[in-house]
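Student: got a structure for you, letters missing:
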């Protein structure tokens, strides 16, 4: 695969396909943690979850950041890191759905927002 074929652009888009600006530093936080290994990534994940799982817009951005890093490491031919971030991505999704599992309007709206941005 050519280097130019590996370049990808990432962005966040709303349901109308319009770009939305990232409001968090999750991508950079996890990218930096990755330099220091799995323990640092786990610590970053736990702190992010504790602080931001209750804010659906922010946690959605954390999930997207983990997915972006999974693909970034895959394109960089770093399969072990890619697989690890894939595991974190799926854990973050599961944590989201476990937290927002009621039929309350707020939880329904959080799930709708999450699905639109992560689909």
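Tutor: Yes, it's here. None of these values were measured; they are calculated from a predicted model.

Student: how about the strands in the chain?
Tutor: Ranges of strands in the chain, per DSSP state E, are 12-13, 19-20.

Student: going by mean pLDDT, which of these comes out lowest?
Tutor: Among the strands of the chain, strand 12-13 carries the lowest mean pLDDT, a mean of 54.

Student: so where's this protein uncertain?
Tutor: 1-22 (pLDDT under 70).

Student: which residue packs closest to the residue nearest to the spatial centre of the chain, ignoring adjacent ones?
Tutor: Against the mean C-alpha coordinate of the chain, by CA atoms, centre = their mean, the closest residue is residue 63 at 2.1 Å. Counting by CB to CB, 6 or more residues apart in numbering, the nearest residue to residue 63 once its immediate chain neighbours are dropped is residue 92, at 4.5 Å. Where you see a C-beta, it was placed from the backbone N, CA and C, and this is true even at glycine.

Student: look up how far residue 101 lies from that neighbour.
Tutor: Separation of residue 92 from residue 101 (CB to CB, to the nearest Å) stands at 15 Å.
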